[in-house]
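> return atomic coordinates for the entry below.
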Amino acid sequence: MAHSDHAAAAGSRWLRPVFCTGIGLVGNSLLAAGKIGVGFAAASAALVADGFHSLADVLSDIGILFALKAANRPPDDNHPYGHHSFETLGAVVVAAFMLLTAVLIAWDAVRSFVLGEFRHPELPAFVAAILSVGTKEAMARYTLTVGRRHNSPALLANGAMHRSDAVSSVAAAVGIGGAILRWPWLDNAAAALISLFILRMGWNLLHENVMALMDTMPDTALVDAIRREAEAVPCVQEVRDLRVRQRGSWYLADLRIAIHPDHSLGAAHDIAHQVEDKVRESVPNVARVFVHVEPGQTDDDTNCP
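Numbering: from 1, shown residues only. Next comes the predicted model:
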């Protein structure tokens, strides 16, 4: 069961998950340092909050790099199904960083409102926020493209985090702009709005990936596709049961098929292998198919040559 990086080995390295995450790590490190530095120098709470959001991206990039490396390890005696769940675990780590960041930003914003400590940001803070919007949106589109290509929950989560940073930079720019004009409290209000946005996205990502770790059935379209391909194999009368689990970028399918009871054990074995091969070849990202054969109807042999 090869990892998605192996599947892309012959393609452009720009579309490989590890390379994409490395690019994100470099970009986020520069953005975090720049926004936090300019934010303090230009007296902008919103830009500092946005910078710490980017810093959380840096930590999540590091976590995802470790998760991708761990997921690429082959099955062993303790993990016979492979290590692909590390990708989903990496997405959970990203979500946790987002939630922690949101809480810290919200705390600082509320404290500033209560104490009436409003800063007066300067123009460089506004410029930095605008530059961050374009940079983070480009990073989001790049990461989401690679994530969809490899069906990687870790990269999709990271792409969502990049996009949340782009939106938070928009809020920061609006708040900073308003504070520069005449309403200094808008800078802190923007920081509070950023925290709420990050909190919402972090919670959605956490819920989605925890459900995957709990073996929640994936999208019905994928399940229907697996059933359709299995039923199309000659001599398969019906698929009586089908269960699908997600493991990182991949899916594992368990199904029971019914065949004519007069088939020999060898023939039943061959049919099961045909089902496995058919599903894996026809349905993207299905890594393993476990087929259990059961006796079907004696008067139904129309699909068997």
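
> quick one: the helices in the stretch 51-200 of the chain, in order.
In the stretch 51-200 of the chain, the helices defined using DSSP state H, counting those that start in this stretch lie at 85-115, 123-150, 153-181, 185-213.

> would you reformat these as a markdown table and include mean pLDDT?
Shown next, in a markdown table, are those (pLDDT from 0 to 100):
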| stretch | mean pLDDT |
| --- | --- |
| helix 85-115 | 77 |
| helix 123-150 | 89 |
| helix 153-181 | 80 |
| helix 185-213 | 78 |
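
> deepest of the ones you listed, which one?
Greatest average neighbour count among the helices of the stretch 51-200 of the chain goes to helix 153-181 (a mean of 25), per mean count of other CB atoms under 10 Å. Every C-beta, even on glycine, is put in place using the N, C-alpha and C of the backbone.

> chain center to that one, what's the gap?
The chain centroid and the centroid of helix 153-181 are separated by 18 Å under CA atoms, centre = their mean, to the nearest Å.

> what helices or strands is it leaning on?
Counting contacts by 3 or more CB pairs under 8 Å, 6 or more residues apart in numbering; DSSP states H and E, helix 153-181 packs against helix 17-41, helix 45-71, helix 85-115, helix 123-150, helix 185-213.

> how big is the angle separating the first one from helix 123-150?
Here helix 17-41 runs at an angle of 170 degrees relative to helix 123-150 (axes from the mean of the first three to the mean of the last three CA atoms, to 10 degrees).

> picking that back up, could you dump the helices of the stretch 51-200 of the chain into JSON lines and include distance to residue 290?
Output for the helices of the stretch 51-200 of the chain, formatted as JSON lines (distance: least, CB to CB, whole Å):
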{"stretch": "helix 85-115", "distance to residue 290": "17"}
{"stretch": "helix 123-150", "distance to residue 290": "23"}
{"stretch": "helix 153-181", "distance to residue 290": "22"}
{"stretch": "helix 185-213", "distance to residue 290": "19"}
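
> spit out the contact partners of residue 110.
By CB atoms under 8 Å, 6 or more residues apart in numbering, the contact set of residue 110 is residue 192.

> quick check: it vs residue 196, distance?
Per CB to CB, to the nearest Å, residue 110 is found 11 Å from residue 196.

> picking that back up, nearest to residue 226, of the helices of the stretch 51-200 of the chain?
Among these, helix 185-213 comes nearest to residue 226, with 16.9 Å by CB to CB.

> so how far is that closest one from its chain's centroid?
With CA atoms, centre = their mean, you get 15 Å for helix 185-213.

> give me the angle between it and helix 123-150.
Going by the same axes, to 10 degrees, helix 185-213 makes 10 degrees with helix 123-150.

> pLDDT on the next helix or strand after helix 185-213, on average?
Going down the chain from helix 185-213, the next helix or strand is helix 220-231, by DSSP states H and E. Confidence for helix 220-231, expressed as mean pLDDT, is 90.

> so which elements touch helix 220-231?
So helix 220-231, by 3+ CB pairs under 8 Å, 6+ apart, packs with strand 238-247, strand 250-259, helix 265-282.

> looking at the ones you listed, which is buried most?
A comparison of the helices and strands packed on helix 220-231 by mean neighbour count, using mean count of other CB under 10 Å, puts strand 250-259 on top with a mean of 21.

> can you show me the CA trace of it as CSV?
This file holds the C-alpha atoms of strand 250-259, laid out as CSV (Å, rounded to 0.1, in the frame of the first residue of the first chain):
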residue,chain,number,x,y,z
TRP,A,250,-6.7,5.9,1.7
TYR,A,251,-9.8,3.8,2.2
LEU,A,252,-10.1,0.2,3.4
ALA,A,253,-13.3,-1.7,2.3
ASP,A,254,-14.8,-4.8,3.9
LEU,A,255,-17.6,-6.5,1.9
ARG,A,256,-19.6,-9.7,1.7
ILE,A,257,-20.5,-11.0,-1.7
ALA,A,258,-23.0,-13.7,-2.7
ILE,A,259,-22.2,-16.3,-5.5
